[in-house]
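Visitor: this is a predicted model, with the sequence first.
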Amino acid sequence: MVKLKFQSWVKETPDSSPLTKLVFMLKVVGQVGDVGEIEGPTGVAQVLDCTKHSDIHLLHVKVTSGTIRVSQLFAQKVEERERNSTANNHSATHLLHSALRSVLGEHIQQAGSLVEPHRLRFDFTHKSPLTDNEIYRIETLSE
């Protein structure tokens, strides 16, 4: 796996390449980053994740053919289906939060979440376990 750094990197290393305009969405607290592919004049790499460390954005890639070199220009291709599914699940967390507050009360606060293309998890605190009726009402409001 190679990490491609861009934006004001401190030193050039064989596994770091600048990308001045990144089309990949970064991983943020509770939500996965984009995946996809980058292609340069000498190679292709699969983008497995996109994260941020201090002010440096990192693409976590696996070179699938050829080589990736410092200072090359790359065509960037985001896996749109994965991005759209993640965005839909992100929106669903807002709908779920609203439904929880409507059914259980305004005291409901988000305590964490995980948003991925194929699932989401929404953590919240409440004084008691949910009843079957509350679950039904929350599901109905969230649809």
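Guide: Right, received. Where do you want to start?
Visitor: buried ones in the lengthiest helix in the chain?
Guide: Identified as the longest helix of the chain according to DSSP state H is helix 80-104. For helix 80-104, the neighbour count (16 or more other CB atoms under 10 Å) marks 82-83, 85-86, 89-90, 93, 96-97, 99-101, 103-104 as buried. To be clear about C-beta, it is placed using only N, CA and C from the backbone, and glycine gets the same treatment.
Visitor: adding distance to residue 69, write those out as a markdown table.
Guide: Formatted as a markdown table, those follow (distance: CB to CB, whole Å):
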| residue | distance to residue 69 |
| --- | --- |
| 82 | 27 |
| 83 | 27 |
| 85 | 33 |
| 86 | 30 |
| 89 | 36 |
| 90 | 35 |
| 93 | 40 |
| 96 | 45 |
| 97 | 45 |
| 99 | 50 |
| 100 | 50 |
| 101 | 52 |
| 103 | 56 |
| 104 | 55 |
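Visitor: helices of this structure, residue ranges please.
Guide: Using DSSP H, helices in the chain cover 80-104, 132-142.
Visitor: low-confidence stretches in the chain?
Guide: 1-21, 70 (pLDDT under 70).
Visitor: the strands in it, which residues?
Guide: For the chain, the strands defined by DSSP state E cover 2-6, 36-40, 43-53, 56-66, 75-78, 110-115, 120-124.
Visitor: for residue 122, which of the helices of the chain is the nearest?
Guide: helix 80-104 (5.1 Å; CB to CB).
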